[in-house]
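> coords please:
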Amino acid sequence: MKIVISFLIGIFLTDWWIKNYDGEVFDLWVEAYSIGKDDGYAAGRSDTTLEDFTFEQLEAKCMFLYSDHRRKGEK
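Numbers count the residues shown, from 1 in each chain. Model prediction:
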């Protein structure tokens, strides 16, 4: 019975929160989507060179590729 009551309270609180803050939440998701889209485009564009990445990014990529190579059993 406690689970059912908790579930119903959660539904009502969620409904209240969505009704009161719907526009703000939508604006937040639109902003997050546009930032992610811009970052994805910048990281995936075809004219990137090794100079576009920091040393830490290059090192992380090399370690990832090296561990993947070792995991497959290739020498």
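> pLDDT wise, what is residue 34 at?
Note on residue 34: pLDDT of 91.
> could you do the one 5 residues further on as well?
Per-residue confidence for residue 39 comes out at a pLDDT of 80.
> and the next helix or strand past the strand or helix carrying it?
Using DSSP states H and E, residue 39 sits in helix 2-44. Next helix or strand after helix 2-44 toward the C-terminus (DSSP H and E): helix 55-71.
> name the residues that touch that following helix?
50, 53 (CB atoms under 8 Å, 6 or more residues apart in numbering). No exception for glycine: its C-beta is placed from N, CA and C like everyone else's.
> the helix holding residue 39 to helix 55-71, inter-axis angle?
On the basis of axes from the mean of the first three to the mean of the last three CA atoms, to 10 degrees, helix 2-44 is oriented at 110 degrees to helix 55-71.
> and helix 2-44, how far out from the chain's middle?
14 Å (CA atoms, centre = their mean, to the nearest Å).
> ok, stretch 52-68 next?
20 Å.
> oh, and call the first residue 30 from now on, that's how I've got it
In the new numbering, first residue 30, that becomes stretch 81-97.
> would you mind writing the CA trace of that stretch as PDB?
The C-alpha coordinates for stretch 81-97 follow below in PDB (Å, rounded to 0.1, in the frame of the first residue of the first chain):
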ATOM      1  CA  ASP A  81      43.100  21.100 -32.900                       C
ATOM      2  CA  PHE A  82      43.200  18.800 -29.900                       C
ATOM      3  CA  THR A  83      45.000  19.200 -26.600                       C
ATOM      4  CA  PHE A  84      47.700  16.900 -25.500                       C
ATOM      5  CA  GLU A  85      45.400  15.300 -22.900                       C
ATOM      6  CA  GLN A  86      42.700  14.600 -25.600                       C
ATOM      7  CA  LEU A  87      45.300  13.000 -27.900                       C
ATOM      8  CA  GLU A  88      46.800  11.000 -25.000                       C
ATOM      9  CA  ALA A  89      43.300   9.700 -24.000                       C
ATOM     10  CA  LYS A  90      42.500   8.700 -27.600                       C
ATOM     11  CA  CYS A  91      45.800   6.900 -28.000                       C
ATOM     12  CA  MET A  92      45.300   5.000 -24.700                       C
ATOM     13  CA  PHE A  93      41.800   4.000 -25.700                       C
ATOM     14  CA  LEU A  94      43.000   2.700 -29.100                       C
ATOM     15  CA  TYR A  95      45.900   0.900 -27.500                       C
ATOM     16  CA  SER A  96      43.600  -0.800 -24.900                       C
ATOM     17  CA  ASP A  97      41.100  -1.800 -27.700                       C
END
